[in-house]
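Peer 1: Model the following, please.
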Amino acid sequence: MAKNLTGGLRHLVDVAEGNRLGQRNMRAALDRQDEIGLLGRDFNQMLDALVQQEKELRDREENLAVTLNSIGDAVITTDMAGKILN
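Peer 2: Numbering: from 1, shown residues only. Predicted coordinates for the structure are as follows:
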C-alpha cells in the first residue's frame, strides 16, 4: 500500500514540476478512487484554470499593446492659436 501511495504522489510531483518548467500540457493520469485520485483530479482542474487565466492575461496584454501602440494616431497637437502642428 505504501508503494501505491508514494507512486501516486511521485506522479503528482512530476506533473507539478513539469508545469513549473512551462509544460502546461502535463496532467495527472491517476485512475484511482481514493484520496490520491481525488487530489489528481482537483490538481488537473487547477491546472486547466491556470492555463485559461494565462490565456486571458495574454489576450488582455495584447489588446492593451494594440491600444497603446495606436494611441498616437488620435493625438493632435496645436499651437496657442489653435493651429494644428505637424
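
Peer 1: okay, CA-based contacts and neighbour counts for the rest of this
Peer 2: Will do.

Peer 1: just how off-centre is stretch 65-81 within its chain?
Peer 2: Taking C-alpha atoms, centre = their mean, to the nearest Å, one finds the center of stretch 65-81 at 33 Å from the center of the full chain.

Peer 1: From the rest of the structure, what touches that stretch?
Peer 2: 84-86 (C-alpha atoms under 8 Å, 6 or more residues apart in numbering).

Peer 1: Next SSE downstream of the helix or strand of the chain with the lowest mean pLDDT?
Peer 2: Across the helices and strands of the chain, mean pLDDT, DSSP states H and E gives its lowest value to helix 2-20, namely a mean of 89. Next helix or strand after helix 2-20 toward the C-terminus (DSSP states H and E): helix 35-70.

Peer 1: what about that following helix, average pLDDT?
Peer 2: Per-residue pLDDT over helix 35-70 has a mean of 94.

Peer 1: Give me the buried stretch members for that helix, please.
Peer 2: 36-37, 39-41, 43-44, 47 (16 or more other C-alpha atoms under 10 Å).

Peer 1: Need the max-distance pair from the residues you listed.
Peer 2: The largest separation in those, counting by C-alpha to C-alpha, is between 36 and 47 at 16.2 Å.

Peer 1: Check the gap between residue 23 and residue 16 for me.
Peer 2: Residue 23 is 9 Å from residue 16, where distance means C-alpha to C-alpha, to the nearest Å.

Peer 1: which of those two has more neighbours?
Peer 2: Using other C-alpha atoms under 10 Å as the criterion, residue 23 and residue 16 rank with residue 16 on top: 20 against 12.
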